[in-house]
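A.B. asks: With the sequence up front, the predicted model follows.
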Amino acid sequence: MEAQAPWRVLEFYSGIGGMRYSLASSGVRAEVVEAFDINDVANDVYERNFGHRPCQGNIQTLTASDLDKYKAHAWLLSPPCQPYTRQGLQKHSADARAFSFIKILNLMQNMNFPPQMLFVENVVGFEVSDTHDQLIEVLSSLNFNTQEFILSPLQFGVPYSRPRYFCLAKHESMCFHNPSVNNKLLRTPTCLTLNSSTTQNSYEQNEDVLEVVCKPIRDFLEIHIMDTVDQDCSATTSDFEKAGGCTPSETGSHDYIVPLSLIERWGNAMDIVYPESKRCCCFTKSYYRYVKGTGSLLATSKDHKPVPKENLEFSSLNELGLRFFSPREVANLHSFPSSFCFPDHISFRQQYAMLGNSLSVAVVAPLLHYLFAEI
């Protein structure tokens, strides 16, 4: 019997390749026929890891005929999240960064070969935006069924709190495995086909419960950094600022140490975790540039047991051996494969920024497996 041809996939806002890694991890027989991203640095990273450079340019310039030529069965999209974040202006579709996504949606209505499946990822908050309303309106007009989710890596055994919105859409000629949840927003992955090792407890929404079934952060760390940092826990603000613009070959393990001046100023606002912790905060694109609200810091001192942050005095904070997670460790918590790497010319801050804009492979892979599953 002749093998079925792979699904043809277009990847929009491809970034550093999180979506493509998720597709590969999903086990779906698919071929990315083209990727699109306007960021040349992100495209350097994508090309380094996949041997193909995404089409670089403004997605708004694409036409229906441009997209028809790919005859893609599925589109995977991770559009800019800034119009919908809590910290932003929340201008939604009026934000210029939303224009290209809206343009792509509208092109679907004029195509001869529109996609049969869509996958959209964005921040929590997108689901209450007018851009979301436009997405659902277009999909409905083209006779798509949707299933929407808000999920976090914590629900998949990864000690990383990063809830995100996902929209899975299929043309009515194709069926979801669980059509009973069509046109609903779900906050648990119970309808997905997950790894058998995932227990029912992992579907609970209380983060304290989820932590019990998560792996410890220790499993995601680079051991050589742990050992080096513990030996030398001194760093200055100037060291820290200088390291941000350097490439990894120009820096050492000491560049991950949090300077004393930042501990003095922001200690009460820091989220501190330990190697045995089973949860850390979401890493944003500003991690390593700022310490407040951008992601967790790791306590490396072997002489201190975990204690609630509110019980820590400044002197105790200074003795914890606080350091930043390395880019490789952040990639690990995003469930990127060990083969993933950055080109040598990419600076620390650029690496953190692009990882902060990426996605969790542990969450997206089973969602894609579910989306592409045939009945």
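C.D. replies: Thanks, I have it.

A.B. asks: check contacts around the closest residue to Met270 other than its chain neighbours.
C.D. replies: Spatial nearest neighbour of Met270, excluding adjacent residues (CB to CB, 6 or more residues apart in numbering): Leu297 at 5.4 Å. C-betas here are computed from N, CA, C, even on glycine. Residues near Leu297 by CB atoms under 8 Å, 6 or more residues apart in numbering: Val258, Met270, Asp271, Ile272, Val273, Val291, Leu322, Arg323, Phe324, Phe325.

A.B. asks: could you redo those residues as TSV and give each row distance to Val124 and secondary structure?
C.D. replies: Listed next are these as TSV, based on distance: CB to CB, whole Å; DSSP: H, G, I helix; E, B strand; the rest coil:
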residue	distance to Val124	secondary structure
Val258	28	coil
Met270	23	coil
Asp271	18	coil
Ile272	24	strand
Val273	22	strand
Val291	23	coil
Leu322	28	strand
Arg323	29	strand
Phe324	25	strand
Phe325	22	coil
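
A.B. asks: still on that earlier bit, for the residue nearest to Met270, give the beta-bridge partners.
C.D. replies: When bridges are called by DSSP bridges, Leu297 pairs up with Ile272, Phe324.

A.B. asks: how much space between it and Pro306?
C.D. replies: With distances taken as CB to CB, to the nearest Å, Leu297 is found 13 Å from Pro306.

A.B. asks: What of Arg20?
C.D. replies: Per CB to CB, Arg20 is found 37 Å from Pro306.

A.B. asks: quick one, which of the two is more surrounded?
C.D. replies: Arg20 (23 against 13; other CB atoms under 10 Å).

A.B. asks: Going by neighbour count, which residues of stretch 165-178 are buried?
C.D. replies: The neighbour-count check on stretch 165-178 (16 or more other CB atoms under 10 Å) flags Tyr165, Phe166, Cys167, Leu168, Ala169, Lys170, His171, Met174, Phe176 as buried.

A.B. asks: meant to ask about stretch 119-139, not that
C.D. replies: Within stretch 119-139, the residues scored as buried using 16+ other CB under 10 Å are 119-127, 129, 131-132, 134-136, 138-139.

A.B. asks: Thr294 contacts Ser286, correct?
C.D. replies: Yes. Counting by CB atoms under 8 Å, Ser286 is a contact partner of Thr294 at 4.6 Å.

A.B. asks: quick one, helices of the stretch 101-250 of the chain?
C.D. replies: 130-141, 207-213, 223-231, 237-244 (DSSP state H, counting those that start in this stretch).

A.B. asks: Which one of the ones you listed has the poorest average confidence?
C.D. replies: When those are compared by mean pLDDT, helix 237-244 comes last with a mean of 55.

A.B. asks: Check which element follows that helix along the chain.
C.D. replies: For helix 237-244, the following helix or strand on the C-terminal side (DSSP states H and E) is helix 260-266.

A.B. asks: residue contacts, Ile217?
C.D. replies: The neighbours of Ile217, taking CB under 8 Å, 6+ apart as the test, are Pro159, Val273, Tyr274, Pro275, Glu276, Ser277, Lys278, Cys280, Leu298.

A.B. asks: The third one against Pro306, yeah?
C.D. replies: Yes. Using CB under 8 Å as the test, Tyr274 is close enough to Pro306 to be in contact (4.5 Å).

A.B. asks: could you pull out the strands for the stretch 51-200 of the chain?
C.D. replies: Applying DSSP state E, counting those that start in this stretch to the stretch 51-200 of the chain gives strands spanning 74-77, 117-123, 144-151, 164-171, 185-186.

A.B. asks: Adding distance to Arg349 as columns, could you present those in CSV?
C.D. replies: Formatted as CSV, those follow (distance: least, CB to CB, whole Å):
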stretch, distance to Arg349
strand 74-77, 26
strand 117-123, 21
strand 144-151, 29
strand 164-171, 23
strand 185-186, 35
